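Visitor: what's the 3D shape of this:
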Amino acid sequence: MAEKSKKVIVVMPAYNAAKTLKKTLDDIPGDSIDGIILTDDASQDDTVGIAKRLGLKVFVHDVNKGYGANQKTCYIEALKLGADIMIMVHPDHQYDPTVIPQLIEPLLKEECDAMFGSRMLGGRPLEGGMPKWKYLANIFLTAIENATFYMYLTEYHSGLRAYSRKYLETVKFVLNSDDFVFDSEIIAQGVIHNMRIREIPIQTRYFPEASQIGFWRSVVYGMSILKTLIKFKLHKKGIKRFKMFM
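Guide: Next up, the predicted model:
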């Protein structure tokens, strides 16, 4: 592993994660990071209390603002703390944080600007419990995104990601949606600004406590992604300009 001269902070966008938070934290390699912050999006359980008892730096939304808004707070606060690399880890234990050393290695070496964990890159997602409709939708949307961005990633919808300070200070992520499409918008912004994105394979874990959206919410999410791709193309071709891509 590269010598760690950069400040690495794990950010956890949390909502009703009381049952899985400690399990997730136990899997995070402490010698690979310099701190953990958690933003709670008005959970209805004891997520905040558990996080504080476990010694995390906690930020709390008074009302539920959405997954994208949660990430915005995470990144803003991590940047304020001087983070050079920010790793998003969902506290619902769906994604395996033991791969953090491999995830941040290229960022420490400055070989890229963002690293994503891909469930589709040899991770056997169906065996890990991913619903078949979600698997097929993932493949379909990923193919369209690759064709739109003229790049190749095996997955655009992973919840395990690491961004460099350069990436987050370059893109206008605060202008993005407060909902789930935030994840696609921040990639589109990175592509516009020639950010280098790489992937590593990760396992897929689906279980009752893991956070996931249902079928119809996923349909809305998919339509929001297609709308983002259209905006990206219009901006790229100079037909219509969008502040989020400037």
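Visitor: Burial check on residue 108, number of neighbours?
Guide: Neighbours of residue 108 under the rule other Cβ atoms under 10 Å: 19. Quick note: C-beta positions are derived from backbone N, CA and C, even for glycine.
Visitor: Hmm, it is touching residue 100, no?
Guide: No. Counting by Cβ atoms under 8 Å, residue 108 stays clear of residue 100, with 11.3 Å between them.
Visitor: can I assume residue 191 sits in a helix?
Guide: Yes. Assessed by DSSP: H, G, I helix; E, B strand; the rest coil, residue 191 belongs to a helix.
Visitor: residues contacting the residue nearest to it when sequence neighbours are not counted?
Guide: Distances taken as Cβ to Cβ, 6 or more residues apart in numbering place residue 149 nearest to residue 191, at 4.7 Å, with adjacent residues excluded. By Cβ atoms under 8 Å, 6 or more residues apart in numbering, the contact set of residue 149 is 187, 188, 191, 232.
Visitor: if you set the cut-off to 10 Å instead, what comes out?
Guide: By Cβ atoms under 10 Å, 6 or more residues apart in numbering, the residues touching residue 149 are 156, 187, 188, 190, 191, 192, 197, 229, 232, 233, 236.
Visitor: what sits in contact with each of residue 108 and residue 100?
Guide: Shared contacts of residue 108 and residue 100, counting by Cβ under 10 Å, 6+ apart, come down to 8, 32.
Visitor: returning to that earlier point: for the residue nearest to residue 191, give its distance to residue 189.
Guide: From residue 149 across to residue 189, the span is 11 Å (Cβ to Cβ, to the nearest Å).
Visitor: Equivalent analysis for residue 163, please.
Guide: Per Cβ to Cβ, residue 163 is found 11 Å from residue 189.
Visitor: Residue 165 too?
Guide: The gap separating residue 165 from residue 189 is 15 Å, by Cβ to Cβ.
Visitor: the more surrounded of these two?
Guide: Using other Cβ under 10 Å as the criterion, residue 165 and residue 189 rank with residue 189 on top: 24 against 19.
Visitor: any idea how far that one lies from residue 177?
Guide: Per Cβ to Cβ, residue 189 is found 12 Å from residue 177.
Visitor: Need the residues touching each of these two.
Guide: Listed as contacting both residue 189 and residue 177 by Cβ under 10 Å, 6+ apart are 228, 244.
Visitor: any residues in contact with both of residue 163 and residue 189?
Guide: Residues touching both residue 163 and residue 189 (Cβ under 10 Å, 6+ apart) are 171, 173, 195.
Visitor: Low-confidence ranges, this structure, go.
Guide: Filtered on pLDDT under 70, the chain yields the residue ranges 1-4, 122-123, 206-213.
Visitor: Need the single longest helix in it, by residues.
Guide: Taking DSSP state H as the criterion, the chain has its longest helix at helix 215-236.
Visitor: I'm done for today, thanks for sticking with me.
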